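# what's the 3D shape of this:
(3 chains, ligands or ions: 1)
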Amino acid sequence: MGIKGIYGEIGAGERIALAKLATDKFVETGRPLRIAVDISIWQFQVQCGKGGSNPALRTLYYRFLRLLSLSIQPLFVFDGAHKPPFKRDRRTRTTTYSLPNFLTKQLLQLFGFPFVVAPGEAEAECALLQREGIVDAVLSEDVDTLMFGCERSMRNWSSESVRGDAATHVSVYDASKIAAGASGLDREGMVLVALMSGGDYIPAGVPGCGIKVACEAARAGFGKSLFSLSKTDAAGFRAWRGNLAHELHSNDSKYFRVKHKSLQLPETFPNQEVLGYYTHPVISSAERVERLKNELHWDREVDIPSLRVFVAEAFEWQYKSGAIKFIRGLAPALLVWKLRTRGAAATVHEGVVSSKTGEERVVRSLCGRRTHFSNDGIPEVRIEHVPIDIVGLNLDTEEQENRPVDAFGVEACPPLEHEVVEDDGVPTTLTTNGKRSIYDPTKPQRVWIGEPYVRVGVPLMFRDWEESLRNKSRSKSESASAKTARKGQKKQRAVNGGMKAGALDPFVKVMKPGMGLDRAGAVSGVAQPPPLLSEPLSPTSSKAKGRVPEKTRQPIQQINHN
DNA sequence: TACACCACCCAAAGT
DNA sequence: TCTTATGGGTGGTGTA
Ligand SMILES: [Mg+2]
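Sure, this is the predicted structure:
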């Protein structure tokens, strides 16, 4: 549904990078950000995908990969059977050209993402999941969840740059902030606005009443008083409606900017059925909620072999070339997951978590640190890894592609421009501008990863790395001290990357009684993880014009693997 | 001048 | 038969 013009009242929301929301939550609580995702947010966006087979599903696939890379734990919510009958669903045809439900659920399963089918509407269920603390926030297509009591709602997961590249940011709405803001809209107020000014599918709205007048009525408290009425209190409803009509027509209490003589409240206003839909939506029972709290498994592994088969069939990513596409997308996402969850594999010896947590199996080296504007300046580290080792596929077992040849032995179906081909044994992607980008999954590749995920457990690699940084900055500042002091300070900060000298120790987490490793592999029972930075990060303002230079670019530093 | 309402356009991203 | 059909943004128009 979505109330027309609502963002003119409650504001455009706070534009925040998902990566920042995720790492902030992780640093604060030791577990990943959990969100309920109304699956219908994709229903139209993904249809823009073109080319290849199942482009809509493929777009969904890339969003799932992104969620994995962000270390966000999503819980997907589908619409259920008991959607309110008045809700618009005026399809003239029975066939639907949207995402095939079965394939979507299958894909979710292969990614290890949990999903539920709501009893009624997904939005209402999402709000419940958030209020119950099962998730931290809801991602849906509008802010309607606020009318179901959701406290933190997100929408519009999209790019922030003008060029419109990768989708990084969401618009975040806090119910408490909205209520305290200029609009003063709370849940009850928003429902009143929906009922009065409501769209095509809310029957018996008030004709000629738009969002402005409805908001004035909400600020006057008509939403609150409406919610306090008992369903059976017919006299109460009549009195409520009479009061509202009187104020609209006379403006005696000066609730409104001007009188609204011509507005007529329909006899059936407010529609009981619609009101009940907001006050008592069809949602999961307390028992079902409790079961979810106890049984939900947030960190299921990606089913790599099955997913390989899935993409081969659904996207026609067959053969070695298809496998390379598969690896290229999956490796960075899996790497983050492996780093974050590797704490679970750590051994505890004499109260200290062992440093043998497996990072040496997936990380070749650390080769940089940055705070980049596209992620709202969260600290990231650059990790060199070998994609094929992360994903663990054997390229040689992939079926050999046999392109048809004509009678002269000439390839009848040469590869399309964008296809991955073998070029002297090197997998090469042909792009439309004639360039060739080389991606070899057996060769080391680099990827930026949120620093907190790399620091799970006791990453031994940081010791060598930071030690070398300290040495470097010492010698640099010594040599620079003869020059401008201010410049020298700047230099040191740049080299140090904002890392506090001696900040190493806090990352060696000492196990104490009552602590444990949760399913995410993070040490639980830690009151407050140490700050990762000694100073504020680079601009978080998404409106910052132009590129913010990367704070640091460290030279490649090999880990001592032994 | 503020507001409601309407018609129209757009959405993803290594294909 | 614009295959179907959403929310949101924008710019134009009518009205009190
Ligand atoms: Mg909605």
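
# can we go C-alpha only for contacts and neighbour counts from here?
OK.

# can you tell me which residues contact the residue of the stretch 151-300 of chain A found nearest DNA strand B?
Taking CA to the nearest atom of the strand as the measure, the point where the stretch 151-300 of chain A comes nearest DNA strand B is A:G210, at 2.7 Å. Residues touching A:G210, when contacts are defined by CA atoms under 8 Å, 6 or more residues apart in numbering, comprise A:196-197.

# send me stretch A:165-181 as PDB with only the CA atoms.
In PDB, the C-alpha atoms belonging to stretch A:165-181 read as follows (Å, rounded to 0.1, in the frame of the first residue of the first chain):
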ATOM      1  CA  ASP A 165      26.700   1.400  -9.300                       C
ATOM      2  CA  ALA A 166      26.400  -1.000  -6.500                       C
ATOM      3  CA  ALA A 167      23.500  -1.000  -4.000                       C
ATOM      4  CA  THR A 168      25.000  -0.100  -0.700                       C
ATOM      5  CA  HIS A 169      22.600   2.100   1.200                       C
ATOM      6  CA  VAL A 170      19.200   1.900   2.800                       C
ATOM      7  CA  SER A 171      16.800   4.500   4.100                       C
ATOM      8  CA  VAL A 172      16.300   3.900   7.800                       C
ATOM      9  CA  TYR A 173      13.200   5.100   9.800                       C
ATOM     10  CA  ASP A 174      13.000   4.900  13.600                       C
ATOM     11  CA  ALA A 175       9.500   5.000  14.900                       C
ATOM     12  CA  SER A 176      10.600   6.900  18.000                       C
ATOM     13  CA  LYS A 177      12.500   9.500  16.000                       C
ATOM     14  CA  ILE A 178       9.500  10.000  13.700                       C
ATOM     15  CA  ALA A 179       7.100  10.400  16.700                       C
ATOM     16  CA  ALA A 180       9.500  13.000  18.200                       C
ATOM     17  CA  GLY A 181       9.900  14.800  14.900                       C
END
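
# so the residue of the stretch 151-300 of chain A closest to DNA strand B versus A:A182, what's the distance?
Going from A:G210 to A:A182 by CA to CA, to the nearest Å gives 18 Å.

# what's the answer for A:R328, then?
Relative to A:A182, and taking CA to CA, A:R328 is found at 47 Å.

# run a quick check on A:V282 versus A:P119, I expect a contact.
Yes - under the criterion of CA atoms under 8 Å, A:V282 makes contact with A:P119 at 6.2 Å.

# need the residues touching each of these two.
Common contact partners of A:V282 and A:P119 (CA under 8 Å, 6+ apart): A:82-83.

# rewinding a little: A:R328 and A:A182 - which one has more neighbours?
When neighbours are counted by other CA atoms under 10 Å, A:R328 and A:A182 differ, and A:R328 comes out ahead with 18 against 11.

# hey, which helix or strand in chain A has the poorest pLDDT?
Among the secondary structure pieces of chain A, namely its helices and strands, strand A:516-517 has the lowest mean (mean pLDDT, DSSP states H and E), a mean of 26.

# any part of the host helix or strand of A:I449 near DNA strand B?
For A:I449, the host element (DSSP states H and E) is strand A:445-450. No - if you take CA under 7 Å from any atom of the strand as the test, strand A:445-450 misses DNA strand B, and the best it gets is 13.3 Å.

# per-residue confidence at A:K435?
The predicted local confidence for A:K435 comes out at a pLDDT of 67.

# correction: A:V162
Per-residue pLDDT puts A:V162 at 80.

# report how many residues lie close to the one residue in chain A that gets nearest to the ion.
The minimum distance from chain A to the ion, using CA to the ion, falls at A:M1 (4.1 Å). The criterion is other CA under 10 Å. On that basis, A:M1 has 15 neighbouring residues.

# check contacts around the residue lying closest to A:I211 once chain neighbours are set aside.
Nearest residue to A:I211 in three dimensions, chain neighbours excluded: A:S197, at 5.7 Å (CA to CA, 6 or more residues apart in numbering). Residues touching A:S197, when contacts are defined by CA under 8 Å, 6+ apart, comprise A:3, A:205-211, A:214.

# if we go to 7 Å?
A:S197 makes contact with A:205-206, A:209-211, A:214 under the criterion CA atoms under 7 Å, 6 or more residues apart in numbering.

# mind checking how far A:S306 is from A:L68?
Counting by CA to CA, the gap from A:S306 to A:L68 is 17 Å.

# my error: substitute A:E384 in the last question.
Relative to A:L68, A:E384 is positioned 18 Å away (criterion: CA to CA).

# what about the closest residue to A:G199 other than its chain neighbours, neighbour count?
With CA to CA, 6+ apart as the criterion, A:G199 has its nearest non-adjacent residue at 6.9 Å, and that residue is A:I3. Around A:I3 there are 19 other residues, counting by other CA under 10 Å.

# do I have it right that A:I3 meets A:A194?
Yes - when contacts are counted by CA atoms under 7 Å, A:I3 is listed as touching A:A194 (6.2 Å).

# stretch A:35-51 near the ion anywhere?
No - with CA under 5 Å from the ion as the threshold, stretch A:35-51 lies outside contact range of the ion, at a closest distance of 9.5 Å.

# other residues contacting that stretch?
Residues from elsewhere that reach stretch A:35-51 (CA under 7 Å, 6+ apart): A:55-56, A:59-60, A:73-78, A:98-99, A:122-123, A:126, A:135-141.

# next one: stretch A:436-443
Contacts of stretch A:436-443 from elsewhere in the structure, counted by CA under 7 Å, 6+ apart, are A:324, A:327-328, A:386-388, A:426-430.

# care to break chain A down by domain?
By the record's domain assignment, chain A is partitioned as A:7-295, A:305-346+A:353-458 (automatic domain parsing).

# and the ones you listed, which one averages the lowest pLDDT?
Per-stretch mean pLDDT for the domains of chain A is lowest at domain A:305-346+A:353-458 (a mean of 84).

# chain center to that domain: distance?
The gap between where domain A:305-346+A:353-458 is centred and where its chain is centred comes out at 21 Å by CA atoms, centre = their mean, to the nearest Å.

# next one: stretch A:245-257
Between the centre of stretch A:245-257 and the centre of its host chain there is 44 Å, according to CA atoms, centre = their mean.
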